[in-house]
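Engineer: have a look at this prediction, sequence included:
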Amino acid sequence: MRQVQKKQVEDYVELLNKAHNAIKAALKARKWDGAMELLAQCQEGAILAGNLIEDTQGEEFVTVGLLENYCELVYQLHEKLQQGKYVDSSQAHKSLHRAMTQIKNSVARDIPVRMEAVFLPYKASMWDSLESVWKAADEDPDCDAYVIPIPYYDKNRDGSFGEMHYEGDQYPDYVPITRYDEFDFQSHHPDMIFIHNPYDEYNYVTSVDPFFYCKNLKQFTEKLVYIPYFVLGDIDPEDKNAVEGMRHFCTTSAVIHADKVVVQSEKMRQIYINVMVEEMGEHTRKYWEEKILGIGSPKFDRVLSAQEEEQEIPEEWQRIIKKPDGSRKKIILYNTSVAALLQHEASMLEKMKDVFRVFRENQEEVALLWRPHPLIKATIASMRPGLWEAYEELREEYLAEGWGIYDDTPDVDRAIAISDGYYGDGSSLVQMYQKTGKPVMIQDVDIREYEEE
């Protein structure tokens, strides 16, 4: 039985106990019709509780039998009153109380509780921010875990919804997927819902379906848990400039509406707490301290486990990675971010051309694995249409030449695992990569190997 269902049964028991006191008072005052009405209501409440238990535990379950005995007792008392026979108030109350005590003890002792946890990723490439939590829930014999990828939309420049995307077919084979339109959130009412998209309607580039906005999801669960899809460089909570640069992450819709927020470290927790206290007032500090947990990011868990797993490398990648003698080239993961393109625009494209030229000329010894941020297309096409055309031309040229790997799959952990070093923009991927102990170098858009022609 689910916790929410068991709570319903416990509420029925509590109401019946209160009714017993009212029945005793009615009998004592010789209000026979009132006592009979209360007994009829007790019968109805016991039947509802019994049906709920029977649906989950079976009709032979011990508590069902106790409720049937209780119903028989209530019926006999009702019949006596209806026939005009005298019913002693104290004796009736004692009998009802004894029967209900047995039921209450059985509910507490005999009915097992199963948890239900629902995970709502939106982009498959960001699933790693929830995966280790899902695995723990899935392996718990007393928990039913559902992975329900949710649809999201590109946003047009006027803020309206554009193309819809659903990536339910892009998850690892070992992750069982439930369709979002085949799951009844109201009837299930999961104990916990986990989300990793914090923005709701406040993202200018994409939006999950409004049904899955945090403020709406709260009505369908006992606990809404937000785990960011990103990780950031740990900064000193006393560094005001650095904190100001990430303040917007701390005040998102998910942070405000979720029941629990899980961030990557204790330092990051302190930053979130301090920012929210500044926003909401010192009197709210205890609330944020209890709500925000700095117990680590599942993204780190996934990166470390991927290092120990044998990775399946596509054949077209193997062709680029292997040398003629069968040995393996060094692989450099090249990551380009949305922020760098928006900030530097054409200069960033020139930097990328320079990087490609360097690696193309050294392709006999080094393989470049270019992995652009998954939201580059949606963001740049929406906010910088002209820049998107130039970027797309560069991307098509890279693909046509065929000397490097282009990775737009959802599996970032494979790219981290098989590469020997990181080069590219500063982003959350850097924090993940550093956990591997492999070298990291951040590119500078103003430094070029070759002068512009």
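Structural biologist: Received it, and whenever you're ready, just let me know what you need.
Engineer: tell me the SS of the closest residue to residue 73 other than its chain neighbours?
Structural biologist: Counting by Cβ to Cβ, 6 or more residues apart in numbering, residue 99 is the residue found nearest to residue 73 once chain neighbours are left out, at 5.6 Å. In short, each C-beta sits where N, CA and C put it, glycine included. Following DSSP: H, G, I helix; E, B strand; the rest coil, the label given to residue 99 is helix.
Engineer: what's the distance between the least confident helix or strand in the chain by mean pLDDT and the middle of its chain?
Structural biologist: Ranking every helix and strand in the chain by mean pLDDT, DSSP states H and E puts helix 298-308 at the bottom, with a mean of 73. Distance, stretch centre to chain centre, for helix 298-308: 18 Å (Cα atoms, centre = their mean, to the nearest Å).
Engineer: pull the residues that contact that helix.
Structural biologist: Helix 298-308 is contacted from outside by 128-133, 227, 230-231, 264, 413-414, 416-417, 428, 432-433, 435-436, using Cβ atoms under 8 Å, 6 or more residues apart in numbering.
Engineer: in contact with the residue nearest to residue 73, which residues?
Structural biologist: Here residue 99 is in contact with 66, 69, 70, 73 (Cβ under 8 Å, 6+ apart).
Engineer: quick one: which of those is nearest residue 404?
Structural biologist: residue 66 (70.6 Å; Cβ to Cβ).
Engineer: and the closest one, how far from residue 39?
Structural biologist: 18 Å (Cβ to Cβ, to the nearest Å).
Engineer: those two: which is more packed in?
Structural biologist: residue 39 (26 against 22; other Cβ atoms under 10 Å).
Engineer: ok, and the closest non-adjacent residue to the more buried one?
Structural biologist: Nearest one to residue 39, counting by Cβ to Cβ, 6+ apart, is residue 78 at 4.5 Å.
Engineer: helices and strands around the helix or strand that neighbour falls within, which ones?
Structural biologist: Secondary structure from DSSP states H and E places residue 78 in helix 62-82. For helix 62-82, the packing partners by 3 or more Cβ pairs under 8 Å, 6 or more residues apart in numbering; DSSP states H and E come out as helix 32-57, helix 89-110.
Engineer: low-confidence ranges in the stretch 351-453 of the chain?
Structural biologist: 451-453 (pLDDT under 70).
Engineer: in it, which spans are strands?
Structural biologist: Assigned by DSSP state E, counting those that start in this stretch, the stretch 351-453 of the chain shows strands spanning 366-372, 405-406, 421-424, 440-442.
Engineer: before we move on, back to that, ok, the residue nearest to residue 39 - how many residues close by?
Structural biologist: 19.
Engineer: same check on residue 372?
Structural biologist: Neighbours around residue 372, by other Cβ under 10 Å: 22.
Engineer: how about it, what does it touch?
Structural biologist: 335, 336, 395, 408.
Engineer: circling back to that earlier point, CSV for the strands of the stretch 351-453 of the chain, including distance to residue 137?
Structural biologist: Converted to CSV, those look like this (distance: least, Cβ to Cβ, whole Å):
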stretch, distance to residue 137
strand 366-372, 29
strand 405-406, 34
strand 421-424, 31
strand 440-442, 32
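Engineer: right, so of those, which gets closest to residue 239?
Structural biologist: Closest to residue 239 of those is strand 440-442 (Cβ to Cβ; 18.7 Å).
Engineer: which helices and strands does that closest one pack with?
Structural biologist: strand 421-424, helix 428-434.
Engineer: out of the contacts of residue 372, who's the most crowded?
Structural biologist: residue 335 (26 neighbours).
Engineer: list the contacts of residue 192.
Structural biologist: 115, 116, 117, 118, 221, 222, 223, 224, 225.
Engineer: now do the SS call for the first one.
Structural biologist: For residue 115, the secondary-structure state derived from three-state DSSP is strand.
Engineer: confirm for me that it is in contact with residue 141.
Structural biologist: No: with contact defined as Cβ atoms under 8 Å, residue 115 does not reach residue 141; the gap is 10.5 Å.
Engineer: more neighbours: those two, which one.
Structural biologist: More neighbours surround residue 115 than the other of residue 115 and residue 141, with 16 against 5 (other Cβ under 10 Å).
Engineer: contact partners for the more buried one?
Structural biologist: The contact partners of residue 115, taken as Cβ under 8 Å, 6+ apart, are 2, 3, 137, 140, 142, 143, 144, 191, 192.
Engineer: can you do 6 Å?
Structural biologist: Residues counted as contacts of residue 115 (Cβ atoms under 6 Å, 6 or more residues apart in numbering) are 143, 191.
Engineer: work out for me the element residue 154 sits within.
Structural biologist: strand 152-155.
Engineer: run me through the strand neighbours of that strand, direction for each.
Structural biologist: If you go by DSSP bridges, strand 152-155 pairs up with strand 161-165 (antiparallel), strand 206-208 (antiparallel).
Engineer: out of the ones you listed, which gets nearest to residue 354?
Structural biologist: Once the strands paired with strand 152-155 are compared by Cβ to Cβ, strand 206-208 is nearest, at 30.3 Å.
Engineer: one step back: list residues touching both of residue 115 and residue 141?
Structural biologist: By Cβ under 6 Å, 6+ apart, no residue touches both residue 115 and residue 141.
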